[in-house]
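Undergrad: Sequence plus predicted model, see below.
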Protein chains: 2
Amino acid sequence: MPYYISGVTADWHALIGRTPEEFASKNNIQVKVRHAVTEIDAANKKVKVEDLEGGREFWDTYDRLVVATGATPFVPPLPGRDLPGVFVLRSLTDALAIKTYLERYHPRRATIVGAGGIGLEMCESLRLLGIEVDLVEKAAQVMPIFGTDISEAIRSYLEEQGVTCHLGQGVLGMEARNGKIALLETEAHRLQTDLVLLSLGVKPSAELAQAAGIELGVAGAIRVDESMRTNLPDVFAAGDCITTRHLVTGEEAWIPLGDHARKQGRVAGSNVFGGQATFRGVQGTVIVKSFNLTVGKTGLTGSEAERAGIASETVTLTHDAKPTYYPGYAQMTAKVTADKKTRQLVGAQIIGELNAVVDKRLDVLSVCIRAGFTVKDIEELDLAYAPPYSHAIDMPITAANLLSAKLGGDICSC
Amino acid sequence: MPYYISGVTADWHALIGRTPEEFASKNNIQVKVRHAVTEIDAANKKVKVEDLEGGREFWDTYDRLVVATGATPFVPPLPGRDLPGVFVLRSLTDALAIKTYLERYHPRRATIVGAGGIGLEMCESLRLLGIEVDLVEKAAQVMPIFGTDISEAIRSYLEEQGVTCHLGQGVLGMEARNGKIALLETEAHRLQTDLVLLSLGVKPSAELAQAAGIELGVAGAIRVDESMRTNLPDVFAAGDCITTRHLVTGEEAWIPLGDHARKQGRVAGSNVFGGQATFRGVQGTVIVKSFNLTVGKTGLTGSEAERAGIASETVTLTHDAKPTYYPGYAQMTAKVTADKKTRQLVGAQIIGELNAVVDKRLDVLSVCIRAGFTVKDIEELDLAYAPPYSHAIDMPITAANLLSAKLGGDICSC
């Protein structure tokens, strides 16, 4: 949606994965849009449905039920949150509303509250439209899931792109002028603004499930087992409304992302019809593009490892994406973290411009974490080498060489 | 070097990793260039050295010896192989000779014999210079390490770039006119040509080692253990002159590639000084860029699996590199092969244009093979997803979904 808002993606229809009509014609699935389930009667395998158009209410029955209620934007009770020109960005409806507002009022200044992934993507979108952007974040750093030095590199890059960052500042409220948003007040500043985007994260939509007696877990999301079963018989759940397992810490986690939702949905869908599928968990892989920058993470940072009781060692390296003599030369900076005791990889953070292909190295290290690879295992990887793609020794292997040396390994790196 | 020849890389000095002077000043290593070791006396820990400039011969001693004699181009005893205008491309000297010839004689037509990686890279280089290119290959397909359908896609692409492919044709000989190459005769054609590149692969340079009593293995390369030790005490070997283990077939293999050589060299270098490093083997990962095409492979093809006694299942899929609505849309075609019994991944071949980032998916699947992952493990990978980089479900996971369905798994793919 940020790409539709900026105009990079011209037609919003392209953002729709499948329409209700396609579900019907291709899959023989009847999608009842504008119907809200207001109650689950698990004892009698029934759901109460409200037809939002007709106003009619009725009970429907199920053999097996999948709760896929997703998540909704977290919006604190700020003064002015309902003013015209104050938006969240979660649904396509939100995106269309923002686009309409932009086209109608041509705002000169926008304020983005929350410096997470969507906040950063929207910084790019709005700057591409020539709008001045203030980015307000309560934490002392942008992208707080990253270590402070990577976050500082992101902040510095954003400022170069004309984004004014206001860190360590909570929002106190918003005010209108002529019936439209005009001012946002933080703990430190009063910012003139013509548009506000609240991108403060999401919360699980689990009220319906909770009312039905479905057990919740961390963050108030629905707790399921690896087969996507809730505590109630024949009731499954999947997607942004459920918890999962963080495979590095071993702890229950709530990490609502579209790729996890897709995989969980397949598992639930299979098991509803008697399958034996499982989804064992995630490892916190994320990637964000903002302007010409890619920043990504998989597993834990050094600090997160410490908090999880894992004594770790981290190396920081700047590495060529390909040889200097080949066109499109670029570099990336990475922080790669291993368990001191087991020498297994526990996490990586990488930042670089688009042509550094950060996503490739992130995916490689993500699979290494999943495999439980030690730094020695990574040193021996047989990655695809030719000069247009990488050095003979690519970043993940160099990182492992450096970690090996730091952990007292056999091979020094020089 | 193909990029220097085409002019994409302007300065050949950039291709030199480290000069003898840098070895001396940075690492306190004395490199004796233009000195040939002509004999190893392992019993007395001595080597006989010939100073090729001074003509002087002398014996030097060693505590530990590393044989790193590499490989040399395979050139069959063809009539005309020593004519001016007939080249191989292995050393920088070869590249400089080709470049000089191109600049002096401006050949209009060139013939490349051998449709492996270097042959394909040189097709691009010579076409970029406006030269008509004939590509001659004895096998019935280009890139014979690939399955026939992928090879056919490569051939078709090369023809689109103006390369005339002559497959299933051995070379009989070459003839000169006015003292320079003018004609190359294959089993089927007589080709007018102003330049010939023989890219028929390499052979290990192991004569010196063999004469000293060092045991050879497959393909006549030096056999070493995982610590890079030969059968002789205190004699190590590394690089293109040694065999290694193919980790999918479990067999001894000779796969001379720069990235393996680098890793093996580090292991030998460590162990010479008492280290405990090992290099356990390779899995046959290769990648080639030719024009705007990337083609890569890791592990085994279906046919190779059968030959190795592995009953396998292969899926072929065409997959988006990223969503259609995002700029830079591209597709790739992949063949992904799993062991029918264990369901472990055994190989993958991928072809696509440059912006399909084939190398990323190849590296992911390479690590999956190394980890011994089953298709189920791959279905659950936590890869980095955002629309500028991939779909929510990236190609390796879709391939695993399809393999799972084909192998009778829990989740269908539709």
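TA: Now that the structure is in, tell me what you want to look at.
Undergrad: In a strand, residue A:50, correct?
TA: Yes - under DSSP: H, G, I helix; E, B strand; the rest coil, residue A:50 sits within a strand.
Undergrad: For it, which residues are in contact?
TA: A:35-38, A:56-57 (C-beta atoms under 8 Å, 6 or more residues apart in numbering or on different chains). Heads up, the C-betas are built off the backbone N, CA and C, glycines and all.
Undergrad: Going by neighbour count, which of these are buried?
TA: Buried by 16 or more other C-beta atoms under 10 Å in any protein chain shown: A:35, A:37, out of the contacts of residue A:50.
Undergrad: so which of the contacts of residue A:50 also contact chain B?
TA: Among the contacts of residue A:50, no residue is within reach of chain B (C-beta under 8 Å from any C-beta of the partner chain).
Undergrad: Can you tell me which of the contacts of residue A:50 is nearest residue A:223?
TA: residue A:37 (19.5 Å; C-beta to C-beta).
Undergrad: which ones are touching the residue nearest to residue A:118 when sequence neighbours are not counted?
TA: Once flanking residues are discounted, residue A:118 sits nearest to residue A:199: 4.4 Å by C-beta to C-beta, 6 or more residues apart in numbering or on different chains. Residues counted as contacts of residue A:199 (C-beta under 8 Å, 6+ apart) are A:73, A:88-89, A:112-114, A:116, A:118-119, A:122.
Undergrad: go on, residue A:252?
TA: Here residue A:252 is in contact with A:217-218, A:223, A:243-246 (C-beta under 8 Å, 6+ apart).
Undergrad: One more: residue A:263?
TA: A:279, B:379-380, B:393, B:397.
Undergrad: Would you verify that it is located in a helix?
TA: Yes - counting by three-state DSSP, residue A:263 falls inside a helix.
Undergrad: and residue A:399, how many neighbours?
TA: 29 (other C-beta atoms under 10 Å in any protein chain shown).
Undergrad: And it, which helix or strand is it part of?
TA: Residue A:399 belongs to helix A:395-406 when assigned by DSSP states H and E.
Undergrad: Does that helix pack against any helices or strands, and if so which?
TA: strand A:312-320, strand A:331-339, strand A:345-353, helix A:358-371, helix A:375-379 (3 or more C-beta pairs under 8 Å, 6 or more residues apart in numbering or on different chains; DSSP states H and E).
Undergrad: Would you indicate which residues of it are buried?
TA: Quick answer for helix A:395-406 (16+ other C-beta under 10 Å): A:395-405.
Undergrad: just stretch A:180-195 next, same as before
TA: Neighbour-count burial for stretch A:180-195, counted by 16+ other C-beta under 10 Å, picks out A:181-186, A:191, A:193-195.
Undergrad: Now secondary structure too, for the residues you listed, in a markdown table please.
TA: Formatted as a markdown table, the buried residues of stretch A:180-195 follow (three-state DSSP):
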| residue | secondary structure |
| --- | --- |
| A:181 | strand |
| A:182 | strand |
| A:183 | strand |
| A:184 | strand |
| A:185 | strand |
| A:186 | strand |
| A:191 | strand |
| A:193 | coil |
| A:194 | coil |
| A:195 | strand |
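Undergrad: residues in the stretch 51-200 of chain A within reach of chain B, list them.
TA: residue A:117.
Undergrad: what are the ranges of the strands in the stretch 51-200 of chain A?
TA: With DSSP state E, counting those that start in this stretch as the criterion, the stretch 51-200 of chain A has strands at A:57-61, A:65-67, A:71-73, A:86-87, A:109-113, A:132-137, A:163-167, A:171-177, A:180-186, A:190-192, A:195-198.
Undergrad: Tell me which residues touch the residue most central in space within chain A, please.
TA: For chain A, the residue nearest the mean C-alpha position is residue A:257 (5.1 Å; C-alpha atoms, centre = their mean). Going by C-beta under 8 Å, 6+ apart, residue A:257 touches A:240, A:282, A:286, B:385.
Undergrad: Just the buried ones from these?
TA: A:240, A:282, A:286, B:385.
Undergrad: Could you list the domains of chain A?
TA: If you go by automatic domain parsing, the domain ranges for chain A are A:32-62, A:73-202, A:292-406.
Undergrad: Mean neighbour count, the ones you listed: which tops it?
TA: domain A:292-406 (a mean of 22; mean count of other C-beta atoms under 10 Å in any protein chain shown).
Undergrad: Tell me how far residue A:43 lies from residue A:192.
TA: 56 Å (C-beta to C-beta, to the nearest Å).
Undergrad: My error: substitute residue A:165 in the last question.
TA: Taking C-beta to C-beta, one finds residue A:165 at 17 Å from residue A:192.
Undergrad: Check residue A:98 too.
TA: Applying C-beta to C-beta to residue A:98 and residue A:192 gives a distance of 19 Å.
Undergrad: now do residue A:228
TA: Taken as C-beta to C-beta, the span from residue A:228 to residue A:192 is 48 Å.
Undergrad: Are stretch A:300-318 and chain B in contact anywhere?
TA: No - Stretch A:300-318 is not in contact with chain B by C-beta under 8 Å from any C-beta; minimum separation 12.8 Å.
Undergrad: Contacts for that stretch, please.
TA: Contacts of stretch A:300-318 (C-beta under 8 Å, 6+ apart): A:145-147, A:149, A:248-249, A:251, A:284, A:331-341, A:346-347, A:349, A:395, A:398-399, A:402-403, A:406-407.
Undergrad: Against residue B:386, how distant is residue A:258?
TA: Taken as C-beta to C-beta, the span from residue A:258 to residue B:386 is 9 Å.
Undergrad: same question, residue A:156
TA: Taking C-beta to C-beta, one finds residue A:156 at 21 Å from residue B:386.
Undergrad: Show me the shaky parts of chain A.
TA: A:409-414 (pLDDT under 70).
Undergrad: How about the residues of the stretch 201-350 of chain A by chain B?
TA: Close to chain B, as judged by C-beta under 8 Å from any C-beta, the stretch 201-350 of chain A has residues A:247, A:257-263, A:266-267, A:269-271, A:275-277, A:279-289, A:294, A:296, A:298, A:323-327.
Undergrad: re earlier: rebuild the contacts of residue A:263 as JSON lines, extending it with distance to residue B:176.
TA: Formatted as JSON lines, the contacts of residue A:263 follow (distance: C-beta to C-beta, whole Å):
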{"residue": "A:279", "distance to residue B:176": "68"}
{"residue": "B:379", "distance to residue B:176": "60"}
{"residue": "B:380", "distance to residue B:176": "62"}
{"residue": "B:393", "distance to residue B:176": "58"}
{"residue": "B:397", "distance to residue B:176": "56"}
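Undergrad: Sounds good, over and out.
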